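Colleague: need coordinates for the following:
(chains A and B)
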Amino acid sequence: MTHRNDRTLKVGALARVEGEGAMYVRVRDQDVEEVRLDIYEPPRFFEAFLRGRAHTEPPDITARICGICPVAYQMSACQAVEAACGVTVDGVLRDLRRLLYCGEWIESHALHVYLLHAPDFLGYAGAVELARDHRDIVERGLRLKKAGNTLLEVLGGRAIHPVNVRVGGFYRTPERAELGPLAETLRRALDDALATVEWAAAFEFPDFTHDHEYLALTADRYPLEGGTLRSTAGRVFTAAEFEEQIVEEQIPHSTALHARFSDGGMYLTGPLARYALNRDRLSPLALEAADRAGLGAECRNPFRSVLVRAVEIVYAVDEALRIIDGYEPPPRPSVPVPPRKGTGHGVTEAPRGTLYHRYDIGPDGLIRAARIVPPTSQNQAAIEDDMRRFVTTRLHLDDHALTHQCEQAIRNYDPCISCSTHFLDLTVDRS
Amino acid sequence: MTIVIGVGNDFRRDDGAGPAVVEALRGRVAATLAVTDGEPARLITLWAGADLAIVVDAVRAEPPVPGRIHDLGAETAALARRPVTGHSLGLGDAVALGLAVGQMPVRLRVLAIEGHDFGLGRGLTPRVAAAVITVADRIAASLPSAMKESHPS
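Modeller: Coordinates of the predicted model:
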């Protein structure tokens, strides 16, 4: 039985997000009683899977958690294992890791901007419909994505789960000449990236803002492969302090854990947070693009995250070119990382936000315990909070329109349910 | 150019059927062999410009008949209209997008194997493992034998 003023909106299958899951919204007498991002796939057992494996194995094993951001998993894993073993990988090898990470950002952001998010702003059901009317635009997105893919292939050995990354560095580092054609590809991609920002800046964005605390790495350069965690409320901590600062709690409706600050505060990680905390570290070209697009000191409208992603594509292409231009092959492709008993922590910036790994290594070099906190589970509480406020101001819409807008709003966060557990669906309920 | 593309994740049990078929074809056929995760832009990049692309993927069906093989010829338009695989961005999207941007192989053949268990872990269920051998044999019989082979991504 439903009361006239009660309604339940259910979106059983969220389209255009990575993975599968569901959104459930219950409205009673004009009050939004409940909003849940349901993640019902079984949790990933990678943490258990890693126990008893050699300290050299996490980069290859954890890369398989996600087909979209395997490099992020490899980078956080390497950093954590190296920290446990007391080894720092720096110089050219660190630059090469950064270069590889640029490829992943380009590919992942181009996928989200063009194929998943842009159709919402342009009134299309999806990328296919967009392509039928604007083939040149979708082709530009596919070219950008391919440029990122090519970078991953050249440096990582293959695009999906790169095989050239190892604890301590790489199995093989490229010759200078091998990077020449890649630089040509990236120079062309830079024009496409700048055009993307200009194109996205003309979208019409719904009027909606949030005031979440933003959390991102900060470093000398725009953060990718490491740095210090900072928040917009002034928190500062290292990867090693992550578990003191952030707690994960079980939520009945989700197989992903919800992360919060240890004092109970929710936070948001990802492009909006990175931009707010690192805008002044963008390259001049990316900063200029951001300014032209009208992005201020920080962006508080999650719908405009598509614009921040576009700026980050410009940055990633520009940064990749900078690294290639200054590249001299290192004397050896990796530094030795002999195992030792200890615990190590790693945090890097996956396309969707901060990705934390911790490994406890035994005296025999085998992993005793592993902990992985992906960005989507960190963002889940903030996403639900945004959805609650978003729905509250749109209760006048009929179920179909409201459901559609909820789906769009969820896509703002580019949720990677594949990482946090696996798949996602959406349900809106006005019971 | 002929390419055989195995779609799937071999850490999700029967979802690894496509990659398993590709493994079974190594050294047997004169074709490019590739494994990917079903993300449409990647699929399009792999098959664009090919004379023949054979895509092997695991599917869920209702009611399920694990190990049943669906051999879809040139039904690309039909594929584009409905989701074919368990992937949220699947083969149907790739075909539709490929058609929209004019990046399709001259001929596309899809061999779909019905899976049973898509849970976490490695290893195929017995009927799916048997279907992998059948599909690999069927593809091998339809293509020239290997003279040399290339291994992209």
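Colleague: my guess is A:Ala297 meets A:Leu277, correct?
Modeller: No: applying Cβ atoms under 8 Å as the test, A:Ala297 and A:Leu277 come out as separate, 10.6 Å apart. Backbone N, C-alpha and C define where each C-beta goes, glycine included.
Colleague: the two - which one has more neighbours?
Modeller: Set side by side, A:Ala297 and A:Leu277 show more neighbours around A:Leu277, with 22 against 8, by other Cβ atoms under 10 Å in any protein chain shown.
Colleague: show me the contacts for the more buried one.
Modeller: Listed by Cβ atoms under 8 Å, 6 or more residues apart in numbering or on different chains, the contact set of A:Leu277 reads A:Tyr214, A:Ala216, A:Thr218, A:Arg230, A:Ser231, A:Thr232.
Colleague: for the first one, what are phi and psi?
Modeller: In terms of degrees, to the nearest 10, the main-chain angles of A:Tyr214 are phi -100, psi 140.
Colleague: against A:Asp263, how distant is it?
Modeller: 16 Å (Cβ to Cβ, to the nearest Å).
Colleague: just the buried positions in the helix ranked longest in chain B, please.
Modeller: In chain B, with assignment by DSSP state H, the single longest helix is helix B:126-142. Buried residues in helix B:126-142, defined by neighbour count with 16 or more other Cβ atoms under 10 Å in any protein chain shown: B:Arg127, B:Val128, B:Ala129, B:Ala131, B:Val132, B:Val135, B:Ala136, B:Ile139, B:Ala140.
Colleague: distance from the chain centre to it, please.
Modeller: Its chain's average C-alpha position is 12 Å from that of helix B:126-142, according to Cα atoms, centre = their mean, to the nearest Å.
Colleague: other SSEs contacting the helix or strand where B:Asp93 lies?
Modeller: Under the criterion of DSSP states H and E, B:Asp93 resides in helix B:91-100. The contact analysis (3 or more Cβ pairs under 8 Å, 6 or more residues apart in numbering or on different chains; DSSP states H and E) places helix B:91-100 against helix A:127-133, helix A:135-156, helix B:40-47, helix B:76-81.
Colleague: closest to chain B among the contacts of A:Leu277?
Modeller: Ranked by distance to chain B (Cβ to the nearest Cβ), the contacts of A:Leu277 are led by A:Ala216 at 26.2 Å.
Colleague: the closest one belongs to a strand, doesn't it?
Modeller: Yes: assessed with DSSP: H, G, I helix; E, B strand; the rest coil, A:Ala216 lies in a strand.
Colleague: what are the bridge partners for it, then?
Modeller: A:Ala216 has the following beta-bridge partners by DSSP bridges: A:Arg230.
Colleague: burial check on it, number of neighbours?
Modeller: Neighbours of A:Ala216 under the rule other Cβ under 10 Å: 28.
Colleague: measure it to A:Tyr267 for me?
Modeller: Computed as Cβ to Cβ, the A:Ala216 to A:Tyr267 distance reads 10 Å.
Colleague: enumerate the residues of chain B near chain A.
Modeller: B:9, B:11, B:35-37, B:39-42, B:44-45, B:80, B:88-89, B:93, B:96-97, B:100-103, B:119-120, B:152-153 (Cβ under 8 Å from any Cβ of the partner chain).
Colleague: one more pass at 6 Å, please.
Modeller: B:Phe11, B:Asp37, B:Ala41, B:Thr45, B:Ser88, B:Ala96, B:Leu97, B:Ala100, B:Val101, B:Leu120, B:Ser153 (Cβ under 6 Å from any Cβ of the partner chain).
Colleague: can you redo those residues as a markdown table with neighbour count?
Modeller: Shown next, in a markdown table, are those (neighbours: other Cβ atoms under 10 Å in any protein chain shown):
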| residue | neighbour count |
| --- | --- |
| B:Phe11 | 17 |
| B:Asp37 | 22 |
| B:Ala41 | 27 |
| B:Thr45 | 22 |
| B:Ser88 | 24 |
| B:Ala96 | 22 |
| B:Leu97 | 26 |
| B:Ala100 | 21 |
| B:Val101 | 21 |
| B:Leu120 | 18 |
| B:Ser153 | 19 |
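Colleague: do you know the pLDDT at the residue minimising distance to the centre of chain B?
Modeller: Nearest to the geometric centre of chain B sits B:Val56, at 1.7 Å (Cα atoms, centre = their mean). Model confidence at B:Val56, given as pLDDT, is 93.
Colleague: dump the residue contacts of it.
Modeller: B:Gly6, B:Gly18, B:Val21, B:Leu111 (Cβ atoms under 6 Å, 6 or more residues apart in numbering or on different chains).
Colleague: most neighbours, which of the residues you listed?
Modeller: Ranked by neighbour count (other Cβ under 10 Å), the contacts of B:Val56 have B:Val21 at the top, with 31 neighbours.
Colleague: around chain B, which positions in chain A sit nearby?
Modeller: Counting by Cβ under 6 Å from any Cβ, the residues of chain A that sit close to chain B are A:20, A:45, A:64, A:67, A:128, A:131-132, A:135, A:138-139, A:142, A:145-146, A:158-160.
Colleague: which one among these gets closest to A:Glu204?
Modeller: Of all the residues of chain A next to chain B, A:Val138 has the smallest distance to A:Glu204: 19.7 Å, by Cβ to Cβ.
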